[in-house]
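>>> Provided below for reference: sequence and predicted model.
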Amino acid sequence: MPPKTRRARHAKQRAAVESVDWLRRLASGRAVWLLFIAAVLLFYAGALFDERATIQWDAADYYYSAQKYFAGQIRSGQLPYWAPYPYSGFPFLADIQVGAWYPLNWPFFLIGITPRAMEWEIALHCLVALSGAWLLALELTGDSVAALFAGALYAFSGYFTGHSSHTDMVQCASLLPWLLWAGIAALRRWRWLPAVAAIAAASILSGHFQTALYALAVFGLFLVAYGLQHRFAPWRIAAVLGCTVALAIGLAAIQILPGLELTRESNRATADFGHLTNAPLAPGALLTLVDPDYYHAPSVENYTGPEDITQFYLYAGLLLVPLAALGALKGKARLGAAAMAVPALWYAFGPRAGLYLLVARLPGFRSVRAPVHVWFVVALALALLAASGVSWLIGRFPYRWIPIALAAVFAADLWYWNMGNNALAYARASFEERYGNAQERFRSVAAATDNDPLRRIYAPFNSPSFGPFNAMLDTRMEVTYGYNPLELARYSAYIDAAKSNPRLLDSLAVTTKVDVSNGRLEPNPTAMARVSTPRTLLVAHSQAEAAAKLPSLDPASEAVVEGPAMPQSGAIRVEIRSYTGSEYRFSYQATAPRFLRIAVPYFPGWRAEVDGRALPVYPVDLALSGVTVPAGSHDLVFRYQSNWFRTGALISAVSWIGAVVWFAWPWWSKRFRPPMG
């Protein structure tokens, strides 16, 4: 080759390298954060700014109503420990799915929860995922341009599109790259331990137990792989993992302790998914990685895949798989990505693949379902591998047009399939059309049929004709149904028994029934008062024995008590003086000690006091509450107070103070260190 030609070629190569270096400097500067914000706003523009766009499915049916109710209560200066509206009453604040103590929810709580605000929550966590995956990929590959692709391929992936109606899952998944990135920092400097623990605690507080469990498990696998690869001492790796988990539990204790009590009393207490699960990863779903229309998921109404359309849409760009394959062969992030992707993918296939059966033996894993939910881990690993592939590609062929062309292809591809043409992302209708009009109609009809302040409405099942499935939190109507996987087990069994023994609805103080044959609301003339005095007590020595007596029970004359037997004699008159949803105040006159049945779901934390003296509360008729009151004229106070909230709040407060001091101490000690000499 002539010298002149060779010099020209070298000059061209240097120019190409310099052009890519310029992109790298741009991608690692402060301007990159503005780029992230702009990308998220453009990607979510339809959901955020179109008047004919709204949340759908669980985002509307559960999260919107729950968050709106909580926000309304705290803005009025109250903490809603107990909500009297769903399931005839429910320990609302103990439900981790509300996300009551998740830090990034609080700006929305204070501003006010609306359907549009819920879309902004999703967009915010897309930004969190985008920036976190970028930081993690930058750490693993050292290439800021390639890291941009990791962020986009994760945050705009099919996982986030498919689960856009599962607010807590999106929140937790968006924190995973931050958790891994902070874990690497903690391996290097102990000062970062409080930061990684705070992110782990936020993952728990976001509200989806299964996703948080997966995130923490993957955090352990990733940190071990990264630590051994970079020759960190095993004791140091173990110390970071142990301290992170212990401190995260302390930081999140305000939710963990009440949540564990609720779980023990719920239907989930007996759930065992060790061998049977309802949503393993279907092999065909992997084809959606290269063919987004394989199951026709984007159009929703033509979907042909496995049950639950939100779980099996995985698309993250047509070039994802080839770039990830290139990264697996040539990239720098191979080991860390493999530590995440291989066990997660193997587990996702469920019991038939084998690993699921072993993992189900570990604490917590037996109680979770839908192993396909672990896909966010695989999605992040694929994004990191693809970024490694991009890094190798532009290092081998250092031309500025290559990353620009790849970015343009991915931008158009992901926006079209995962947002613009995808009905999974958000509903193409207003909230009023989808939910609000039905909710308002039901509220108006119910208000016209019954003005009793102690009204309670029974329906044999929840229905979209009532509005969102948890619309009773919006309309403040006490009903016997709800929408929550943590429904109290005793109450669930009681409602099931009432289908064959309708007299049980009378002692539940149901004043109005929904007639499903004609859609009308009918009064219940045989409804009993919220507090009643059965003439005969039947003693049950166990919960199972009490449940067995329900099919033939006549609550008008008898009650089943899981407590000491006592004769029911003498006259009694009871009057409700006040009622606030979580507190009843009664006045009564009794010629002898009597047992009172109170139509409130039995749950630990309900307390009874007569003239300031505490009385034991017993389960009655399996699911309701009962108390034995002394003779005479007295006032009875029956109120709910969480057994574990104050303890959890104290542990969390101490843990947060300790974490802040730990994190700030190096700066604090340096700033206030006395001068030498």
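Nice, I can see it.
>>> Let me know the distance separating L180 from C126.
L180 sits 18 Å away from C126, going by Cβ to Cβ, to the nearest Å. Quick note: C-beta positions are derived from backbone N, CA and C, even for glycine.
>>> Which of those two has more residues huddled nearby?
Remark: of L180 and C126, L180 carries more neighbours, 27 against 23, as counted by other Cβ atoms under 10 Å.
>>> check which helix or strand covers the more buried one.
helix 167-188 (DSSP states H and E).
>>> give me the low-pLDDT residue ranges for the protein?
The chain contains residues with pLDDT under 70 at 1-29, 666-677.
>>> redo that, cut-off 80
Under the criterion pLDDT under 80, the flagged ranges of the chain are 1-30, 274-276, 331-333, 398-400, 448-451, 519, 565-570, 664-677.
>>> what ranges do the strands span in it?
457-458, 512-515, 520-523, 531-532, 536-539, 558-561, 572-579, 583-590, 594-598, 606-610, 613-615, 618-620, 624-629, 632-640 (DSSP state E).
>>> contacting residues around the fifth one?
Applying Cβ atoms under 8 Å, 6 or more residues apart in numbering, the set of residues contacting strand 536-539 from outside is 549, 553, 557-566, 568, 595.
>>> Parallel or antiparallel, list what pairs with it.
Using DSSP bridges, strand 536-539 pairs in its sheet with strand 558-561 (parallel).
>>> The last one now?
In the sheet containing strand 632-640, its partner strands are strand 583-590 (antiparallel), strand 606-610 (antiparallel), by DSSP bridges.
>>> buried stuff in the first one?
When burial is assessed from 16 or more other Cβ atoms under 10 Å, strand 583-590 yields the following buried residues: 584, 586, 588, 590.
>>> one step back: any idea which of the strands of the chain gets closest to G158?
strand 512-515 (38.7 Å; Cβ to Cβ).
>>> If you count neighbours, what's buried in that closest one?
512-514.
>>> So what's the gap between that strand and the chain middle?
On the basis of Cα atoms, centre = their mean, to the nearest Å, strand 512-515 sits 32 Å off its chain's mean C-alpha point.
>>> For it, name the packing helices and strands.
For strand 512-515, the packing partners by 3 or more Cβ pairs under 8 Å, 6 or more residues apart in numbering; DSSP states H and E come out as strand 457-458, strand 520-523.
>>> any residues touching it, and which ones?
Contacts to strand 512-515, defined as Cβ under 8 Å, 6+ apart, come from residues 446, 449-450, 455-460, 505, 520-524.
>>> nearest to L110, of those?
Checking the contacts of strand 512-515 one by one against L110 (Cβ to Cβ), the nearest turns out to be A446, at 30.9 Å.
>>> For the closest residue to A200 other than its chain neighbours, list the residues it contacts.
Closest residue in space to A200, ignoring its immediate chain neighbours: A248 at 3.7 Å, by Cβ to Cβ, 6 or more residues apart in numbering. Counting by Cβ under 8 Å, 6+ apart, A248 touches 197-198, 200-201, 203-204, 216.
>>> could the strands of the chain be laid out in a markdown table, adding distance to L393?
Compiled in a markdown table, these are given as follows (distance: least, Cβ to Cβ, whole Å):
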| stretch | distance to L393 |
| --- | --- |
| strand 457-458 | 62 |
| strand 512-515 | 62 |
| strand 520-523 | 65 |
| strand 531-532 | 74 |
| strand 536-539 | 76 |
| strand 558-561 | 72 |
| strand 572-579 | 68 |
| strand 583-590 | 66 |
| strand 594-598 | 70 |
| strand 606-610 | 64 |
| strand 613-615 | 72 |
| strand 618-620 | 66 |
| strand 624-629 | 67 |
| strand 632-640 | 61 |
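>>> So which of these is nearest Y295?
Minimum separation from Y295 across the strands of the chain (Cβ to Cβ) falls at strand 512-515, 35.8 Å.
>>> List the pairing partners of that closest one within its sheet, with orientation.
Each strand paired with strand 512-515, and its direction, by DSSP bridges: strand 457-458 (parallel), strand 520-523 (antiparallel).
>>> ok, and which of these has the densest surroundings?
strand 457-458 (a mean of 22; mean count of other Cβ atoms under 10 Å).
>>> And it, how far out from the chain middle?
28 Å.
>>> What of stretch 404-412?
33 Å.
>>> same deal with stretch 327-335?
From the chain centre to the centre of stretch 327-335 is a distance of 33 Å (Cα atoms, centre = their mean).
>>> Repeat that for stretch 295-306.
25 Å.
>>> which residues does W190 contact?
Applying Cβ under 8 Å, 6+ apart, no residues contact W190.
>>> repeat that for 10 Å
236, 239-240, 243, 662, 666 (Cβ atoms under 10 Å, 6 or more residues apart in numbering).
>>> And for R607?
So R607 contacts 583, 614-617, 627, 637-641, 643 (Cβ under 10 Å, 6+ apart).
>>> go on, A425?
So A425 contacts 43-44, 46-47, 53, 56, 119, 122, 160-162, 164-165, 298, 418-419 (Cβ under 10 Å, 6+ apart).
>>> give me every residue that touches the nearest residue to Y226 once chain neighbours are set aside.
In space, and not counting its chain neighbours, Y226 is closest to G336: 5.5 Å by Cβ to Cβ, 6+ apart. Going by Cβ under 10 Å, 6+ apart, G336 touches 136, 139-140, 180, 184, 221-223, 225-226, 229, 381, 384-385, 388.
>>> got it, and D272?
360, 366-367.
>>> who wins for neighbours among those?
Going by other Cβ under 10 Å, A360 tops these with 20 neighbours.
>>> Backbone torsions only: list them for G305.
The phi and psi values for G305, taken as degrees, to the nearest 10, are phi -90, psi -170.
>>> Would you mind measuring from the closest residue to it other than its chain neighbours to A370?
Counting by Cβ to Cβ, 6+ apart, G305 lies nearest to Y295, which is 3.4 Å off, once chain neighbours are set aside. As judged by Cβ to Cβ, Y295 and A370 stand 17 Å apart.
>>> Of these two, which one has the most company?
Ranked by neighbour count (other Cβ under 10 Å), Y295 and A370 place Y295 first, with 21 against 17.
>>> wait, doesn't that one sit right on L289?
No. Using Cβ atoms under 10 Å as the test, Y295 is too far from L289 to be in contact (12.0 Å).
>>> can you pull the contacts of the closest residue to V240 other than its chain neighbours?
Nearest residue to V240, sequence neighbours excluded (Cβ to Cβ, 6+ apart): A186, at 4.9 Å. Neighbour list for A186: 192-197, 223, 236, 239-241, 243-244 [criterion: Cβ under 10 Å, 6+ apart].
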